[in-house]
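>>> Quick check, what structure comes out for this input:
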Amino acid sequence: MSAAEFGDPYAVLRPVRSGNTFEETIEHLLQAIRVGLFPPGQKLPAERELAGHLGVSRATLREALAELQQAGFLDVRRGRYGGTYVLETRNAARQRMEQLNPLQRRDVLVFRAVLEPAAAELAAQADRSASAQEHLQGCLADVQSADGVSYRARDSRFHIAVAELSGSASLITAVTDTRARVNALLDEIPLLPANLEHSNEQHVEITEAILRGDAAQAKALMADHLEGTASLLRGFLP
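Predicted coordinates for the structure are as follows:
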């Protein structure tokens, strides 16, 4: 990943690659919404800009946006403050996760427990430019200053930022996909102040280990951090 890409919020909105252009456009837009790139209430970028990032035609994008509006994810408004806005998707997330049995939920957590510690290890081993370090520290500051409304989205951005430092596009994609699945689970449990405080302490420790190049410690700290989240999910969800 080039230095110019660090801090770019569209880094997690990857271009459509397969022949199923319409279906993949839907998938990528929903993932961007679920990981908080486009949070509830936010206006989507102009069609030209969004289509450019996705690498699709504006006609394909309009068709996808129309379907997401029909499905209740987006709201198209007219007038002076018109545009396409993201709607609250908690109910949709709940319906999706209710369809998952306990083994499928466990699969999400097991895969994440393998993936993200490896991302932290690689981030610590990477050649970290000044812009890369600044990007990670900025995402850390954002999640530390988040309130209850914005915490999950900023937490997601921090974890994706760790993967971005690895320089592996495939790993960034895998972490983003997995985080979207985890967020749907997290939306079903309450935000606990004590847990958020502890998580932020762990975020600091992970960042410090990565920035000093301690790969083993970064991997271990991330594994411990994820296990805390998994424990909460196992406790709250049947």
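>>> So which bits of the helix or strand hosting residue 210 are buried?
For residue 210, the enclosing helix or strand under DSSP states H and E is helix 193-211. Using 16 or more other Cβ atoms under 10 Å as the burial criterion, the residues of helix 193-211 that qualify are 196, 199, 200, 202, 203, 205, 206, 207, 209, 210, 211. Glycine gets a C-beta too; all of them are placed from N, C-alpha and C.
>>> what packs against the host helix or strand of residue 120?
Per DSSP H and E: residue 120 is located in helix 102-125. Contacts of helix 102-125 with other secondary structure elements, assessed using 3 or more Cβ pairs under 8 Å, 6 or more residues apart in numbering; DSSP states H and E, are made with helix 151-166, helix 169-186, helix 193-211, helix 215-236.
>>> Apply 10 Å and report the result again.
Counting contacts by 3 or more Cβ pairs under 10 Å, 6 or more residues apart in numbering; DSSP states H and E, helix 102-125 packs against helix 90-98, helix 151-166, helix 169-186, helix 193-211, helix 215-236.
>>> quick one, that helix and helix 169-186 angle?
In terms of direction (axes from the mean of the first three to the mean of the last three Cα atoms, to 10 degrees), helix 102-125 departs from helix 169-186 by 140 degrees.
>>> Excluding covalently adjacent residues, which one is nearest to the residue nearest the centre of the chain?
With distances taken as Cα atoms, centre = their mean, the chain has residue 35 as the residue nearest its mean C-alpha position (3.3 Å). Using Cβ to Cβ, 6 or more residues apart in numbering and skipping residues adjacent in sequence, the residue nearest residue 35 is residue 156, 4.5 Å away.
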